[in-house]
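Participant: after the sequence you'll find the predicted model.
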Amino acid sequence: MSQQFTVQDVAEHNTVEKGLYIIIDNSVFKMDSFIDEHPGGAKILKRVGGKDASKQFWKYHNEHVLKKYTPKLKIGDVKDEAKL
Ligand code: HEM
């Protein structure tokens, strides 16, 4: 089972120093090692640190991008709090 994060855990990782986490759909991505390589720039990723960026992600990318980078950047899933 992958590591489970609450929305609160993700929200606390909202800077490069703390580890820049973002949520896309139900997955948690750790972006701090990638921001300098991001073709869309570092700034835009810093702005969504700690947040659900699904809407912004799907606006600029397709599923091939997600598939390619998932092994490198995904660290877990958002916990289904309804099941707690
Ligand atoms: C796992 C997270 C992300 C990965 C792996 C990723 C990766 C990439 C890649 C590979 C590109 C190059 C374009 C392409 O090949 O289609 C790109 C472009 C871009 N990304 Fe991301 N990105 C991520 C998240 C985000 C988020 C959250 C935003 C917005 C808040 C964003 C905004 C953009 C923008 C604006 C571009 C430029 C689009 C263009 O020039 O047409 N990205 N990203």
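Facilitator: Right, received. Where do you want to start?
Participant: what about the helix or strand where L45 lies, near the ligand?
Facilitator: Taking DSSP states H and E as the definition, L45 sits inside helix 42-47. Yes: applying C-beta under 6 Å from any ligand atom, one finds helix 42-47 in contact with the ligand at 44-45. Backbone N, C-alpha and C define where each C-beta goes, glycine included.
Participant: what's in contact with that helix?
Facilitator: For helix 42-47, the external contacting residues (C-beta atoms under 8 Å, 6 or more residues apart in numbering) are 15-16, 20, 22, 31, 34-36, 38, 56.
Participant: just how off-centre is it within its chain?
Facilitator: From the chain centre to the centre of helix 42-47 is a distance of 12 Å (C-alpha atoms, centre = their mean, to the nearest Å).
Participant: one more: stretch 3-15?
Facilitator: 9 Å.
Participant: can you name the residues that contact the closest residue to Y21 other than its chain neighbours?
Facilitator: Sequence neighbours aside, H13 is the residue nearest to Y21 in space, at 3.9 Å (criterion: C-beta to C-beta, 6 or more residues apart in numbering). By C-beta under 8 Å, 6+ apart, the residues touching H13 are 19-21, 30, 49-50.
Participant: how does it look with 6 Å?
Facilitator: Residues in contact with H13 (C-beta atoms under 6 Å, 6 or more residues apart in numbering) are 19, 21, 50.
Participant: OK, contacts around the second one?
Facilitator: If I follow you right, that is Y21. Counted by C-beta under 6 Å, 6+ apart, Y21 has contacts 10, 13, 28, 30.
Participant: which ones among these lie within helices?
Facilitator: Among these, the ones falling in helices (DSSP state H) are V10.
Participant: okay if I get the contacts of Y21 as TSV plus distance to the ligand?
Facilitator: Formatted as TSV, the contacts of Y21 follow (distance: C-beta to the nearest ligand atom, whole Å):
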residue	distance to the ligand
V10	13
H13	14
V28	10
K30	9
